[in-house]
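# sequence isn't available, so here's the structure alone:
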C-alpha cells in the first residue's frame, strides 16, 4: 500500500474522531441543557409552592384583615343582648337554674351566696333601696310589676337606674292580681303567660330591644301553687318550660310580706333565723308602698351578711 493511500486513511480517521468528539460535545451540551431546564422548572414549582404554603400565614393574615368585621363596642352599663343584666352586672350574676337548686336545697356547691330580692316595685322606695345598695357596694334582684312601670315616668327611671347600676331585673307579672291570675285558686295559664309577656315587653320598651328576661317570681310564689294542689300546675309547667322561663321562690325572709306588725329588731332577727345554716340564701323583701321598715333595716341586713362572709349575687337568665 502506497504512502499516499495510508496518509488519506489517517486523515479520514482523524476526521471521524473529530466528528465523534463534536457529536459527543453536542450530546453532553444537550443533556446539560435538559438537566438545567428540569432544575429550573422544579425550582419554579418549589417557589410557586412556597408562595402557596410558605407564605400561607401571611396570605391568611391579608385575607383575615380584609374579612375582619368590626364588633360593636359595649360599655359596662350596656345590657348584655337578650339578658337581664349589664356587662358589669354579669360579674355578680348566677344562673337562675342554679339559684332554683339553692332554694330547693339540692345545690351541691359550698359557696356562701346571698341574693337580696325585692318584689312589687318600682315605687318611690326603690330609689332609697338603690341608694343603699350603691353605698354598700352590693347588688340585688328586682322582681318588677308591669302595672307599676305603666304608672308613670318615675318607675321607668328607677328601672333604668337599677339595671345600669349592676342589679338584675326580673318579672313579677303585670297586675299581681290573684283573682285574675288564679281565679278560684287555679292558675289561668293563658292569662298568666299573657301578663308575663306584657311585662317583659314594657321592660323592653323602657330599656331597649337588647333586654329580655326568663326569670320569674310568681305572685304568692310557685310553692303556693303546689301547696294548693293547683290542677293547672302541669299545664303551667309546660308553658314555662317551652318558653325557657324559670320561676324562683325564696328560702329566707324579713317578714314584710306577712302583714304582721313586726318591730325593726324582730325583722332583723327574722332574717337571721331564716338564714341560719344556709350557705345560699335567697332573701324575700319588698320595695313597694308601705314597706318603709325594709328600707330602714336594709343596711343592718347587709352588714349581717357581710360579717357572715356571704358574697352578694344576683339572679340571671339561664343562658348567662
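Yep, that arrived. All values reported here derive from a predicted model rather than from experimental measurement.

# so what does residue 288 have for phi and psi?
The phi/psi pair for residue 288 (degrees, to the nearest 10) reads phi -100, psi -180.

# I'd like the distance between it and residue 222.
20 Å (CB to CB, to the nearest Å). Yep, even glycine has a C-beta here, placed from its N, CA and C like the rest.

# in the stretch 201-320 of the chain, which spans are helices?
Secondary structure of the stretch 201-320 of the chain (DSSP state H, counting those that start in this stretch): helices at 222-227, 233-242, 264-275, 292-307.

# grab the nearest non-local neighbour of residue 185.
The spatially closest residue to residue 185, leaving aside those adjacent along the chain, is residue 228, at 5.4 Å (CB to CB, 6 or more residues apart in numbering).

# how about the strands in the stretch 51-200 of the chain?
Listed in chain order, the strands of the stretch 51-200 of the chain (DSSP state E, counting those that start in this stretch) span 93-95, 113-121, 141-144, 168-171.

# packing partners for the shortest one?
What it means is strand 93-95. Counting contacts by 3 or more CB pairs under 8 Å, 6 or more residues apart in numbering; DSSP states H and E, strand 93-95 is packed against strand 311-316.

# one more time with 10 Å
Contacting strand 93-95 under the criterion 3 or more CB pairs under 10 Å, 6 or more residues apart in numbering; DSSP states H and E are the following elements: helix 96-104, strand 311-316.

# test my guess that residue 74 contacts residue 83.
No - shown here, residue 74 and residue 83 do not form a contact pair, counting by CB atoms under 10 Å, at 11.9 Å.

# give me the common contacts of the two.
Common neighbours of residue 74 and residue 83, counting by CB atoms under 10 Å, 6 or more residues apart in numbering, are residue 210.

# show me which of the two is the more surrounded one.
Between residue 74 and residue 83, counted using other CB atoms under 10 Å, residue 83 has the larger neighbour count: 24 against 13.

# identify the bridge partners of the more buried one.
When bridges are called by DSSP bridges, residue 83 pairs up with residue 211.

# likewise residue 94?
Note on residue 94: beta-bridge partners residue 315, judged by DSSP bridges.

# thinking again about what came up before, please identify the deepest-packed of the helices and strands packed on strand 93-95.
Comparing those by mean neighbour count (mean count of other CB atoms under 10 Å), strand 311-316 ranks first with a mean of 24.

# circling back to that earlier point, adding mean pLDDT, write the helices and strands packed on strand 93-95 out as CSV.
As requested, those are exported to CSV (pLDDT from 0 to 100):
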stretch, mean pLDDT
helix 96-104, 97
strand 311-316, 99
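
# those: which one's closest to residue 163?
Across the helices and strands packed on strand 93-95, residue 163 has its closest neighbour in strand 311-316 (10.2 Å, CB to CB).

# now the angle between helix 96-104 and that closest one, please.
If you take axes from the mean of the first three to the mean of the last three CA atoms, to 10 degrees, strand 311-316 sits at 120 degrees to helix 96-104.

# packing partners for strand 311-316?
When contacts are defined as 3+ CB pairs under 10 Å, 6+ apart, strand 311-316 sits against strand 93-95, helix 96-104, strand 113-121, strand 141-144, strand 168-171, strand 215-216, strand 280-286, helix 292-307.

# so who does residue 175 touch?
Residues near residue 175 by CB under 10 Å, 6+ apart: 145-147, 181, 191, 195, 198-199, 219.

# average pLDDT for stretch 283-298, rounded please.
The pLDDT scores in stretch 283-298 average 98.

# what's the span of it from first residue to last?
With CA to CA, to the nearest Å as the measure, the first residue of stretch 283-298 is 11 Å from its last.

# buried stuff in that stretch?
283-288, 291, 293-295, 297-298 (16 or more other CB atoms under 10 Å).

# off-centre distance for it?
Its chain's C-alpha centre and that of stretch 283-298 lie 30 Å apart, by CA atoms, centre = their mean, to the nearest Å.

# same question for stretch 112-126.
Remark: stretch 112-126 is offset 22 Å from the chain centroid, using CA atoms, centre = their mean.

# now stretch 270-280
Centroid separation between stretch 270-280 and its chain, computed with CA atoms, centre = their mean, is 30 Å.

# how about stretch 234-250?
Its chain's C-alpha centre and that of stretch 234-250 lie 20 Å apart, by CA atoms, centre = their mean.

# buried sites along it?
In stretch 234-250, counting by 16+ other CB under 10 Å, buried: 236, 239-240, 245-250.

# how about those residues in JSON lines, adding distance to residue 127 and pLDDT?
Formatted as JSON lines, the buried residues of stretch 234-250 follow (distance: CB to CB, whole Å; pLDDT from 0 to 100):
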{"residue": "236", "distance to residue 127": "34", "pLDDT": "99"}
{"residue": "239", "distance to residue 127": "34", "pLDDT": "98"}
{"residue": "240", "distance to residue 127": "32", "pLDDT": "98"}
{"residue": "245", "distance to residue 127": "28", "pLDDT": "98"}
{"residue": "246", "distance to residue 127": "28", "pLDDT": "98"}
{"residue": "247", "distance to residue 127": "27", "pLDDT": "98"}
{"residue": "248", "distance to residue 127": "24", "pLDDT": "98"}
{"residue": "249", "distance to residue 127": "26", "pLDDT": "99"}
{"residue": "250", "distance to residue 127": "23", "pLDDT": "99"}
